[in-house]
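**Student:** Build me a structure from this.
(4 chains)
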There are 2 protein chains.
Amino acid sequence: MRVLAENGLPGLSMRRIADELDVQVSALYWHFPNKQALLAAVSERIVVEAADSSDADAAVIATALRDRLLAHRDGAEIVSSSLALGLLDLPARASLVDAARQTGLSDAAAATAADTIVHFVIGCTFHEQQRMHAAVIGATDPSVDITPAGIAESADDFSSGLAMIVAGMCDGRRPLTEAETTKRARRS
Amino acid sequence: MRVLAENGLPGLSMRRIADELDVQVSALYWHFPNKQALLAAVSERIVVEAADSSDADAAVIATALRDRLLAHRDGAEIVSSSLALGLLDLPARASLVDAARQTGLSDAAAATAADTIVHFVIGCTFHEQQRMHAAVIGATDPSVDITPAGIAESADDFSSGLAMIVAGMCDGRRPLTEAETTKRARRS
DNA sequence: ACCTGAACACCGTTCAAGT
DNA sequence: ACCTGAACACCGTTCAAGT
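**Tutor:** A predicted model of the protein is given here:
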């Protein structure tokens, strides 16, 4: 965690970790089969759920997950890859399924809602953290806004998008068919 | 594109590209300042919009984007990183903003909707492509389903999630406040 | 304008051998 | 059980020098 905080994901190499521990690189391979497994262990530390969230609603759980990701450098990217490789179980996902079911959704619809929210939270936060990184590098890209107003805008984009998904979740008490999706998009 | 198709993103190294072109690695650095810039050029080729989509609805545009990403090995991951670094302009995003505005949303709400859909499409497809990759490696992970039924399920997860977001987009004709988000999630 | 050749400073992973 | 030392097969990037 210390190496990650100080060097970011690009600097989180087996050699740097070994150096931090005053140990040879090969020693790490007794504890982890490979780097991805080590990264999965790091991911688990990032996404641990602090308090009991059994009675929280989806928006609160999603915001808490985002806060965990933002609390660690490159948190979204690390968690994203561990998740995609199936090496990480996201406690927040189970909480989201519960929250969705409590609003009256079926099991299948609740799972869809949870996955959709997880994708949104991770995608949004990943994007945001990479922009922060680019800003630190001084990428001279004027499209990147690092002013306080820019930061606030990021948070607002997140909560607006989240509100939209939650609205859709509550709106659709059952999964929509393809035809219905099209109709909805067309109605003015 | 050939090196990507045959070796995937992990195998898309400057050396392999140079070999394919019968050229020294350093020659590539006359054409591109660095690897990320080259990857951005690859991303552009992946996300070009085929037909005119000025009159398409959001669901159609999103599905077309997903198809483009799925058509190239590791397409979602490459595009995701180029996008996050601000090196890629997504034509589909502009189309999505148009589509959202045509349903009566404000400019700000349309932008939020477009970004939310883009995050969902890329996150969902990234996740799916990494699972495919893990399956090819033979990760022996029984949680990964590569049967035809599993593939169909992926497509269904995608369209169900997309339908949910589109429903939320149409539902919220204006951005919701935090209080409204909470209220919505609580009402049964 | 476009490319070569060679180097620099790194990577993840393996494996015999030690204690 | 846990670690060392050394090697293998790679990386991205730079830069003088060529044509």
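**Student:** The strand or helix carrying residue A:64 close to chain B?
**Tutor:** For residue A:64, the host element (DSSP states H and E) is helix A:58-70. Yes - interface with chain B: helix A:58-70 contributes A:58, A:59, A:60 (C-beta under 8 Å from any C-beta of the partner chain). Heads up, the C-betas are built off the backbone N, CA and C, glycines and all.
**Student:** Most neighbours of all the residues you listed, which one?
**Tutor:** Ranked by neighbour count (other C-beta atoms under 10 Å in any protein chain shown), the residues of helix A:58-70 next to chain B have residue A:58 at the top, with 29 neighbours.
**Student:** give the contact list for that one.
**Tutor:** Counting by C-beta atoms under 8 Å, 6 or more residues apart in numbering or on different chains, residue A:58 touches A:96, A:99, A:100, A:103, A:113, A:117, A:166, A:169, B:185.
**Student:** What's the local residue count around the first one?
**Tutor:** Yep, that's residue A:96 we're talking about. So residue A:96, with other C-beta under 10 Å, has 28 neighbours.
**Student:** Could you export the helix holding residue A:64 as PDB, CA atoms only?
**Tutor:** C-alpha atoms of helix A:58-70 as PDB (Å, rounded to 0.1, in the frame of the first residue of the first chain):
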ATOM      1  CA  ALA A  58     -28.100   2.200  -3.600                       C
ATOM      2  CA  ALA A  59     -26.900   5.800  -4.000                       C
ATOM      3  CA  VAL A  60     -25.300   5.800  -0.600                       C
ATOM      4  CA  ILE A  61     -23.500   2.400  -1.300                       C
ATOM      5  CA  ALA A  62     -22.300   3.600  -4.700                       C
ATOM      6  CA  THR A  63     -21.000   6.800  -3.200                       C
ATOM      7  CA  ALA A  64     -19.200   4.900  -0.500                       C
ATOM      8  CA  LEU A  65     -17.500   2.700  -3.100                       C
ATOM      9  CA  ARG A  66     -16.400   5.700  -5.100                       C
ATOM     10  CA  ASP A  67     -14.900   7.200  -1.900                       C
ATOM     11  CA  ARG A  68     -12.900   4.000  -1.300                       C
ATOM     12  CA  LEU A  69     -11.600   4.100  -4.800                       C
ATOM     13  CA  LEU A  70     -10.700   7.800  -4.600                       C
END
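**Student:** immediately after that helix, which helix or strand?
**Tutor:** Going down the chain from helix A:58-70, the next helix or strand is helix A:75-84, by DSSP H and E.
**Student:** Can you tell me which helices and strands the helix or strand following that next one packs against?
**Tutor:** The helix or strand immediately downstream of helix A:75-84 is helix A:91-102, counting by DSSP H and E. Packing partners of helix A:91-102 (3 or more C-beta pairs under 8 Å, 6 or more residues apart in numbering or on different chains; DSSP states H and E): helix A:58-70, helix A:107-137.
**Student:** Apply 10 Å and report the result again.
**Tutor:** helix A:35-47, helix A:58-70, helix A:107-137, helix A:148-171, helix B:178-186 (3 or more C-beta pairs under 10 Å, 6 or more residues apart in numbering or on different chains; DSSP states H and E).
**Student:** wait, does stretch A:11-22 make contact with DNA strand C?
**Tutor:** Yes - using C-beta under 7 Å from any atom of the strand, we find that stretch A:11-22 touches DNA strand C at A:11, A:12, A:13, A:14, A:15, A:16.
**Student:** show me what contacts the third one?
**Tutor:** If a contact means C-beta atoms under 10 Å, 6 or more residues apart in numbering or on different chains, then residue A:13 has A:3, A:7, A:19, A:25, A:35 as its contacts.
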